[in-house]
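Asker: kindly generate the corresponding structure for this input.
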Amino acid sequence: MKPFTDEDVEIYIQSKVERRHSLVSKAVEEVHKIIQQLTAEISYKATRFQAISNSGIHNENIKVLAPSQFLITVPLRGLTGYRECQVRHWRYYTVHGAKLLSSVRDPEELHQWLEVEQFSKSLQQWHETDVNIEGDLVPAKVLIVFRELVEKSIISCNLSSKVTMLESFSSGVRVAVETSESQVEVELVPAVEIPTCWPEKARWPRCLKRWPSQEKVQCIKSLGFDLLARSNYHWQLCFSRAERILMEGLDEDGGCRMKCFRVMRQMKEDVWCAGNKPVITAYHLQTVLFWTCEKYPRTKDWRCFPEAFLRLVQKLHKCVSQHFLKHYFLKNTNLLKYANTSDLDLVASRLTVFLENPVFCLD
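Answerer: Coordinates of the predicted model:
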C-alpha cells in the first residue's frame with residue numbers, strides 16, 4: 001500500500017480502472033449480442049415484447065450494476081399515450097386472480113399501479129387474462145408469461161450452452177450468461193417505456209438548485225421515465241434516460257467528477273464491497289455522485305481531485321453507515337431500505353479505515 005498521491009492516482013487509473021473498463025466493455029458487448037438474439041426470438045413468438053436495441057456498448061437497455069451483474073430492460077410493445085391516473089380504489093385479488101378478503105397494500109413511492117385504461121392506445125393482448133386482472137396490468141403475470149418465453153427461446157435459439165435460467169427468490173427473471181472471460185448474472189426486466197411525460201410524484205428538481213442547469217433539467221424531463229416489472233403487484237419507476245443525461249457532459253467545466261466516480265467504483269469493487277452480488281452497486285455510487293454534484297455545484301469544488309474524491313467517499317460512508325441513501329428523483333425513497341444491514345456495516349467499517357488513512361491498493 002502507498003500514500004495517496006497524484007502519481008498513485010494516475011497509476012491506479014491506468015492499472016485498475018482502465019483495465020476494468022476494457023473487461024466490462026467486452027462483457028457488455030458479448031452479453032448484448034446474446035440477449036439481442038434471445039429477445040428477437042421472444043419478440044417473434046410474442047409481439048407484446050420487443051427485442052433490445054442493436055446499439056452496442058452504450059446500449060441504454062443495459063445497466064452494469066457490477067462487472068458480473070447486469071440489469072437489462074426489455075421494452076413492451078402496444079402501450080402508448082400514457083396518462084397519470086388519480087383514481088384510487090382498493091384491490092382484492094391475488095396475482096393469480098383469486099379473491100382476497102383484505103385489500104392489497106398500497107405501493108411505496110418508487111412503485112405504482114398500472115391500469116390498461118391509462119393508455120390511449122393498447123393492443124388487445126394487454127386486455128387478456130394472462131396479464132390483466134380487473135383492468136390492472138399485473139407485473140407478476142407479465143413476468144410469468146415472459147419467463148416461459150425466455151425458457152422456450154433459449155432452446156429454439158440453441159443458446160443452452162451460453163444461457164442458463166437461474167432460480168429467483170423474487171418474481172424476477174434471471175439468467176446466467178457465459179462470456180469468454182466469465183459468467184455474468186443478468187436480470188431481464190420487462191419495461192413500459194413512457195417517453196412522453198414526467199411522473200407527478202418525482203418532484204424534481206428541488207428549489208433553488210444550481211446543478212444541473214435549467215437547460216439540462218428541461219431536457220431530462222422531456223425524456224420521461226419507464227415502469228419496470230420487478231415485483232408482484234406494483235410497477236417500479238425507473239429514470240435510466242434521465243440518469244444517462246446527467247452522467248453525460250458531467251465535466252464540461254473541466255472538473256474531475258467522472259474521474260472521482262470511476263476511482264470510487266474501482267475501490268468499491270476491489271476493497272470496500274467486492275463480490276458478485278455486492279450490497280452496494282454502481283447505481284448506488286451514481287446516486288451518491290448526483291447528490292454530491294448538487295451540493296457542490298461550483299466548478300472550483302471539482303478542480304482538486306484528492307479533495308473532491310474524499311468528499312465523495314465521505315458522503316458514501318455517511319449513507320452506508322446510516323443505512324440511508326435517498327433516491328435522486330424520489331426524495332422519500334431509501335435505496336438501502338431492504339439491504340442487508342450486516343453487509344452495510346462491513347462496508348462502512350472498510351470506508352472508515354480508508355478515510356482514516358486514504359491509500360490505494362496498487363498490487
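Asker: low-scoring stretches of the stretch 201-350 of the chain, by residue?
Answerer: Within the stretch 201-350 of the chain, no stretch has pLDDT under 70.
Asker: which stretches of it form helices?
Answerer: 214-222, 240-247, 257-267, 282-295, 305-322, 341-356 (DSSP state H, counting those that start in this stretch).
Asker: next helix or strand past the last one?
Answerer: The C-terminal neighbour of helix 341-356 among helices and strands, as given by DSSP states H and E, is strand 359-360.
Asker: so what are the sheet partners of that following strand and their directions?
Answerer: Applying DSSP bridges, strand 359-360 is found paired with strand 2-3 (antiparallel).
Asker: ok, the residue lying closest to residue 339 once chain neighbours are set aside - contacts?
Answerer: Counting by Cβ to Cβ, 6 or more residues apart in numbering, the nearest residue to residue 339 once its immediate chain neighbours are dropped is residue 279, at 5.2 Å. C-beta: built from backbone N, CA, C; applies to glycine. Neighbour list for residue 279: 273, 339, 340, 343, 344, 347 [criterion: Cβ atoms under 8 Å, 6 or more residues apart in numbering].
Asker: am I right that residue 168 is in a strand?
Answerer: No - checked against DSSP: H, G, I helix; E, B strand; the rest coil, residue 168 lies outside a strand; its state is coil.
Asker: what pLDDT is listed against it?
Answerer: At residue 168, the model reports a pLDDT of 77.
Asker: for the contacts of residue 279, which single residue is the most surrounded?
Answerer: Neighbour counts for the contacts of residue 279 peak at residue 273, which has 23 neighbours (criterion: other Cβ atoms under 10 Å).
Asker: most distant residue from the middle of this structure?
Answerer: residue 101 (35.2 Å; Cα atoms, centre = their mean).
Asker: contacts only, for that one.
Answerer: Contacts of residue 101 (Cβ under 8 Å, 6+ apart): residue 92.
Asker: can you tell me the SS state at it?
Answerer: Classified using three-state DSSP, residue 101 is coil.
Asker: backbone dihedrals for the residue nearest to residue 91 when sequence neighbours are not counted, please?
Answerer: In this structure, residue 91 finds its nearest non-sequential neighbour in residue 104, 4.4 Å apart by Cβ to Cβ, 6+ apart. Note on residue 104: its backbone torsions stand at phi -70, psi 140 [degrees, to the nearest 10].
Asker: got a pLDDT number for residue 104?
Answerer: 90.
Asker: let me see the contact set for it.
Answerer: 90, 91, 92, 93, 233.
Asker: that one and residue 132, how far apart?
Answerer: 15 Å (Cβ to Cβ, to the nearest Å).
Asker: hmm, back to that, list buried residues within the contacts of residue 104.
Answerer: By neighbour count, with 16 or more other Cβ atoms under 10 Å, these hold 91, 93, 233 as buried.
Asker: quick check, nearest of the residues you listed to residue 78?
Answerer: Distance to residue 78, by Cβ to Cβ, is smallest for residue 233 among those, at 21.2 Å.
Asker: find the nearest non-adjacent residue to that closest one, please.
Answerer: That would be residue 104: by Cβ to Cβ, 6+ apart, it lies 5.5 Å from residue 233.
Asker: and if you look at residue 245?
Answerer: Nearest one to residue 245, counting by Cβ to Cβ, 6+ apart, is residue 220 at 5.2 Å.
Asker: for residue 165, which three-state class applies?
Answerer: strand.
Asker: and it, how many residues sit next to it?
Answerer: Residue 165 has 14 neighbours, counted by other Cβ under 10 Å.
Asker: now do it, the pLDDT please.
Answerer: For residue 165, pLDDT reads 97.
Asker: and it, what does it touch?
Answerer: 147, 150, 151, 154, 174, 175.
Asker: do the same with residue 30
Answerer: 177, 179, 180.
Asker: got phi/psi on residue 213?
Answerer: phi -70, psi 160.
Asker: count residues in the vicinity of it, would you?
Answerer: Residue 213, neighbours per other Cβ under 10 Å, totals 13.
Asker: that one and residue 295: what is the separation?
Answerer: 16 Å.
Asker: got the buried residues for the helix or strand residue 19 falls within?
Answerer: Using DSSP H and E, residue 19 maps to helix 18-45. Using 16+ other Cβ under 10 Å as the test for burial, helix 18-45 gives 24, 27-28, 30-32, 34-43.
Asker: return the list of helices and strands in contact with the strand or helix carrying residue 144.
Answerer: Assigned by DSSP H and E, residue 144 falls within helix 139-156. When contacts are defined as 3 or more Cβ pairs under 8 Å, 6 or more residues apart in numbering; DSSP states H and E, helix 139-156 packs onto helix 18-45, strand 163-166, strand 173-178, strand 183-194.
Asker: looking at these, which is closest to residue 120?
Answerer: Nearest of those (Cβ to Cβ): strand 183-194, 12.3 Å.
Asker: what angle separates that closest one from strand 173-178?
Answerer: For strand 183-194 against strand 173-178, the angle by axes from the mean of the first three to the mean of the last three Cα atoms, to 10 degrees is 140 degrees.
Asker: just to revisit the earlier point, can I get the contacts of residue 165 in a markdown table including distance to residue 53?
Answerer: Formatted as a markdown table, these follow (distance: Cβ to Cβ, whole Å):
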| residue | distance to residue 53 |
| --- | --- |
| 147 | 22 |
| 150 | 18 |
| 151 | 23 |
| 154 | 21 |
| 174 | 21 |
| 175 | 19 |
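Asker: generate the PyMOL command that creates a selection of the buried members of those.
Answerer: Buried residues among those (16+ other Cβ under 10 Å), as a PyMOL selection:
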select buried, resi 147+150+154+174+175
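Asker: from residue 98, how far out is the residue nearest to residue 233?
Answerer: With Cβ to Cβ as the criterion, residue 104 and residue 98 are 12 Å apart.
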